[in-house]
Structure formats: structure tokens, C-alpha cells
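In: Got a sequence here, can you build the structure:
(chains A and B)
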Amino acid sequence: MQSTSAARNRTLCPCIMRWTQTIIPTLKETPAEAEIVSHKLLLRAGLIRKLTGGLYIFMPLGLRALRKVEQIVREEMNRAGALELLMPALQPPEIWEKSGRYETARDVLFKVRDRAKKEWVLGPTHEEVITTLVAGEINSYRQMPKNFYQIQTKFRDEIRPRFGLMRAKEFIMKDAYSFDSSDAGAQESYHKMYNAYARIFQRCGLKTIAVEADTGVMGGKFSHEFMVPAETGENDVAYCDGCGYAANVEKASSNVTKTASEPSAALPEKFPTPGAVTIDALTKAPHSVPAERQIKTLVYVADSKIVLVLLRGDDQLNEAKLAGTLGSTMFRPGEPEEIFTAMGAHPGSLGAVAATLKGDGWAIYADERLKDTTGMTTGANEDGFHLRNIEIGRDIKVSKWADLRLVQAGEPCAKCGQPLKVQRAIEVGHVFKLGTKYSEALHAMFLDETGRQQPAVMGCYGIGVTRTLQAVIEQSNDANGIVWPISVAPYTVCITPLNVAPESPVMQLAEKIYAELTSLGIDTILDDRNERPGFKFKDSELVGFPIRIGIGEKSLAKGEVELKPRAGALTAVKVEDAVSAVQALVRAALGA
RNA sequence: CGGAGCGUAGCUCAGCCUGGCUAGAGCACUUGGUUUGGGACCAAGACGUCGCAGGUUCAAAUCCUGUCGCUCCGACCA
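Out: Prediction:
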């Protein structure tokens, strides 16, 4: 039977997608390499296979789902007036030098050499390329606005690829770049993209929240990230149920209470604190200094210079905010030996009190929550000693006050006062208003109405397409497998005949329904495997086809087939109603 | 790059600590048979440079050294 069925397949109509003719290598057991549910399911459902760390092969089924996500992205970008083009992945390093990112992005740049030993870079993104193009092609305000996009493979030398497609060395991104002749125009382009993104993710069946974001090394003016709430995400999002405020914690601020000051004219007093090298240790007897009355002193090195960062004892530093304050991302925490050499004490006994500092003219950045505080305690820059009665305005030469702290869940929203919540999330999209950084660096200039030369005002907009696909699975699964939204499912319908003999009424009906669904444009796969029913049911649920049509002799005898939505209950429908019932489900899901 | 763990059949893993003949199990695969509405059963079979290199030893999957790869935690990002 087995061999004849293989022979039979070769002679059957190739226009029917039969399970035995494609390859869907499902796994009953989870490969050890996968940690999070979406990665496990991508592998178990036979959608992807790993070539090596951070590099994956899309199997036929996985590719179908990927193409559906891409198509939704393409349709919505086109609807928003963006123009699709395709740029080279291989790029000359010169344009990266011009933008300054050859240095600032060097950690993620893959570099290769050609036979003449000339260096090239593999594009992690395409601001430099598109801006070079626009510099040559767009010379007048009359040619703007323009928004160019592509869907293309990007390369990033990730420090640590992980979670399958979530963070890979090579991934597919939709990147778009808008060019406007005015700031107001750029705002409008930005909002168009923001709205397009909301539609894209909604169509993909994803629940996302748009949050205010830090602009990082992109060097933009302001930006939003589209986040999929998920415990396995790599970002923390702070949001407010009261007014809808939402921001990446890198960016978020809250309306925290000022630190109460304790008026006192007392002068700094050194006291011994042997062994107490943490904020927590100082809160305990015999010292009993509450964390909110301590000043935490962090030592950073920026441009090989020492920088001190002061926070209240119970606050955490937000490095993204520090980057904003420093105007650079080129900084790092000091090494223990380096700190000892500079400060004369080890971490745990550090302080910024002017009289105890060895160095002169060091920048001291202090969090605003410390402003005007008195009666504080901090390290004495001598191991085993701290200072009390610190009045920050009098005793510490703060160079700059800034919001440097990480917000915590429960703090009052800065806009409405309700408590903020913090949630892990996966970033699937990011919109930036860039301004003129790249257009100036790469000379994308145009003549305005008055004949003056101006740099184009840019925006850039990314969607991690492969990551979005995985985020859908991360958000949409159950104990049996994936639960695809119809919009991105590899096939909408899986027909499961329980008798696969070609001449059987069951199989003949299966092929008839297949033909009808296909003629209606509904993607269908026919599970013609000669396997036991339970095996086929389990497999189709693992892969997660949104609708299964079960056809067996028992129900057929009653003139019925079984309709089993992946996320719903099984119902019996008359044979003649099966196709219209499926069509109704599909229409309802796609809103068509 | 720092910290932790793991490399034995296509997959999941045992064996390693305490060295010993021909390296095991389950799943998957091949053949035959029995089955057939929720991941069947019987029988036979195929599949391994035990990650790689070096060392110790009469003898190494097992001990030692080095190396490569993978996974997880931290800093970077779609």
C-alpha cells in the first residue's frame, strides 16, 4: 500500500497540495535548543530548521506564513503611499564613514573583503544607501514627500543571537525611509507610518501597544515602538491604564515624590562602616540609614574620562537616559581596579563629596530626585567609611541635573497620577522621526520654494518581519500547538480524510471540497497520509491550521462532515454546506 | 566579551563520578504483518569518526590539556 501510494502521487494532479508531497517535518519531542514556546513550536511544527546559531532555513510551510506577513506589510505600505524598491545588502563602507556610523555601529556591522582585499559591509539597515540615492535623485521640494521601503534580508553581528528568529544574525526586515521638505511634512509622514503599523499588526492578529521609545544610536528626534506584550520579550514597557501613557522603560519617567529634606546645618561627618558595601547593608543596624537617605555613586568611563553618576539609594540607573544626558552612547561602567585608582576606594565606599574627591573637574551627573536634599549619607572614598549630614547643594559640585532613574511599577503616571504598570514585551516595529542627521551627512539637499538649499527631513520605519512571524506564534498557541490567525496561516484549511484510498467516497469528497475551496481563493492542504486519525488530528493541531475539515465514513453516512476551527469546538455540517461554512468563517476573520 | 551549562544515532536522552570485551533505550526511518475517529501493536532491519586534537594508560565515551560548536543569564537591537 505504501509503495503504491508513492507511485500514485506521482501521477496525481500536481495542483492539489497533498501533505505527502510537501515536507512538514513535525516533531513530537522538543529539540533541546529551543527555550521559549514560539521557538519550540516553529521547530516542532516543521516551519524552520536551524543551519547554525542565529541562521535558520524556512521550510515550505514556514515560508508560506512568512510570505503572508510580508504581503500584509506590502499592502499596507502601498496603501500609505510608500514606494517599494530593493537595495543591495552589500554596501561600501565609505557611506558608513560619512554618516559616522562606521564607528558607532561597528559592533553590529558584518564586514567582508573582496578579491582585491577591499572591505565591504553587509547592511544591518539602509539609511546610508537610501540617503545616497535621494541625494542624487531628489533635488526639489516639488519631488517630496517621498517614502521608500523594501523588504529585505539584514545582517547584524549580534552579540548573542537567541530565541530562534527573535534575534538572529540574518533576518528579514521591512525598512522604510521618508523624505520631506519641511518638519511639518515629516510629522505627517511619521503619522502615516504610525497608522499603517497599527493596521499591519492588527491584520497579523497581533495585539500590540505603541510606546514612546528612546532613539538610541539611530540619533532621531522622537520615536515609537510597537510592542507585543509577552513575558519572553526583551524589553520592559511602562504603561498607564488611566490615560494611555506608554513608554519603553528606557524612556519612561514618572511623577515620583521628591526626597524629603531634613533641614540641618550640620557639617559632613565621617563614620566607620566596616564591611558595609551595599545600600542594603547600610540600612541595617547599627547604621540604620534608610535607602532613600543614601546617595548611590556610580563610576562610568565616557571618552576615557571619569564620570560620576548619583542616584538615590533605592533608585536604579537607566543607561539610556544617561546616554541622552551625555549625548553619546560611547560609555561603560568603570572596572573595579580603574575605580580604585581614580577614587581611592572600592565600590561600596564611593562618594562625590568635593572634599573627598581625588580628581578635579570630573563631570558629576545627578538624578533630579536628589535635588536640594540635605542630611544624606554617602561613601567617604575611603574603604570602610561613609559620610553623613551631606547637603548636596553645599557639599557636591553637581555638573548637571537630569532624569536618570529607571521607573518602577506602581509609581504615579507623570500625566495622570495613576500607578504605572510594567510589562515585558517583544519589539516588532519601530518608527523614528530622524530629522536631518543623515541628509546633512550624505548631502541629500533640495531647493525649497525660495530657492534655498535645505537638507531633506527624514523619518525611518522598521518592522522585523521574521520576528513578527514568531511573535504571532508566541502570542497565539495552546497546549496542542500553534493557533494561527487566518491572515498569516500557511494554509487556512486542512482537509483530513480518514480514508485515503483514491477511489473511496471519503477521499473523492475531500478532493471535491479541496477544489471548491481553492477556486474561492482559500489556501487549503489535503492530508492524504495513510495514518491513524489521532495522529493526523494531532499533527494538524500542532501546525495550527485555522480550520480542519474532517471527513470520515461515519459522518459521511449521515451526509455530514466535521468542521473544527482550531480555536473552537467541532461541529457537524451538511456536506453541501461545508464550503460556504468555511467561507463564512474566513470572511468573518479577515473582515472581508 | 564576562558568568553558567551542554556536546553520545535524524530527535529526546542514559552510560562518564568509580576507565575494561561488540556503546544503549525511546521516538523517527526501512520491510512484512495485524490495526484504523485523538500521536497503535508484533516481528525483522538500517542508522554512531561518543564534537575535534593531543595526552595519561595494557586499555578512554569515561581521566587530563587544548580547541571548536551549541544553549542559558548580562550589555546591543527589528
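In: Is the lengthiest strand in chain A positioned near RNA strand B?
Out: Assignment by DSSP state E gives strand A:421-435 as the longest strand of chain A. Yes - using C-beta under 7 Å from any atom of the strand, strand A:421-435 comes into contact with RNA strand B via A:427-430. All C-beta atoms are positioned from the backbone trio N, CA, C, and that covers glycine.
In: quick one: the next helix or strand after that strand near RNA strand B?
Out: For strand A:421-435, the succeeding helix or strand toward the C-terminus, using DSSP states H and E, is helix A:437-441. No - judged by C-beta under 7 Å from any atom of the strand, helix A:437-441 and RNA strand B are separated, with a smallest distance of 13.7 Å.
In: which outside residues touch helix A:437-441?
Out: A:98-100, A:127-128, A:131, A:134-135, A:179, A:219-220, A:444-445, A:455-458 (C-beta atoms under 8 Å, 6 or more residues apart in numbering).
In: what's the distance between A:Ile266 and RNA strand B?
Out: Let me fix one detail, which is that residue A:266 is Ala and not Ile. From A:Ala266 across to RNA strand B, the span is 38 Å (C-beta to the nearest atom of the strand, to the nearest Å).
In: Geometric centre of chain A: which residue is closest?
Out: A:Glu427 (2.0 Å; C-alpha atoms, centre = their mean).
In: in terms of contact, does that one touch A:Asp236 like I think?
Out: No - contact criterion C-beta atoms under 8 Å: A:Glu427 and A:Asp236 do not qualify, at 11.0 Å.
In: Domain map for chain A?
Out: Per automatic domain parsing, the structural domains of chain A span A:49-253+A:421-473, A:269-402, A:491-592.
In: Look up the pLDDT of the residue of the stretch 401-550 of chain A found nearest RNA strand B for me, please.
Out: Nearest residue of the stretch 401-550 of chain A to RNA strand B: A:Gly534, at 1.9 Å (C-beta to the nearest atom of the strand). Listed pLDDT for A:Gly534 reads 95.
In: Over to A:Gln2?
Out: A:Gln2 is given a pLDDT of 39.
In: Same question for A:Arg566.
Out: 97.
In: Double-check it against A:Arg548; I have them as touching.
Out: Yes - using C-beta under 8 Å, A:Arg566 is in contact with A:Arg548, at 7.1 Å.
In: Which one's more surrounded, these two?
Out: A:Arg566 (23 against 20; other C-beta atoms under 10 Å).
In: What does the more buried one show for phi and psi?
Out: phi -60, psi -40 (degrees, to the nearest 10).
In: Can you pull up the residues of the stretch 401-550 of chain A that come close to RNA strand B?
Out: Contacts of the stretch 401-550 of chain A with RNA strand B, taken as C-beta under 7 Å from any atom of the strand, map to A:427-430, A:462-464, A:466-467, A:480-481, A:498, A:530-535, A:537-539, A:541-542, A:550.
In: residue boundaries of the helices in the stretch 1-150 of chain A?
Out: A:2-11, A:37-44, A:60-79, A:93-99, A:101-104, A:127-137 (DSSP state H, counting those that start in this stretch).
In: which of those sits most buried?
Out: helix A:37-44 (a mean of 23; mean count of other C-beta atoms under 10 Å).
In: hey, where'd the strands end up in the stretch 51-200 of chain A?
Out: For the stretch 51-200 of chain A, applying DSSP state E, counting those that start in this stretch gives strands covering A:55-58, A:83-84, A:90-91, A:110-113, A:119-122, A:146-155, A:170-180.
In: Sketch out the low-pLDDT regions of the stretch 1-150 of chain A for me.
Out: A:1-14 (pLDDT under 70).
In: Determine the number of other residues adjacent to A:Asp183.
Out: Count around A:Asp183 with other C-beta under 10 Å applied: 13.
In: Okay, now the unreliable bits of the stretch 151-300 of chain A?
Out: For the stretch 151-300 of chain A (pLDDT under 70), the answer is A:215-221, A:262.
In: Please state the offset of the longest strand of chain A from the chain centre?
Out: Centroid displacement of strand A:421-435 relative to its chain, using C-alpha atoms, centre = their mean, to the nearest Å, is 7 Å.
In: what lines up beside it in the sheet?
Out: Here strand A:421-435 has these sheet partners by DSSP bridges: strand A:222-229 (antiparallel), strand A:235-239 (antiparallel), strand A:457-464 (antiparallel).
In: most packed of these?
Out: strand A:457-464 (a mean of 27).
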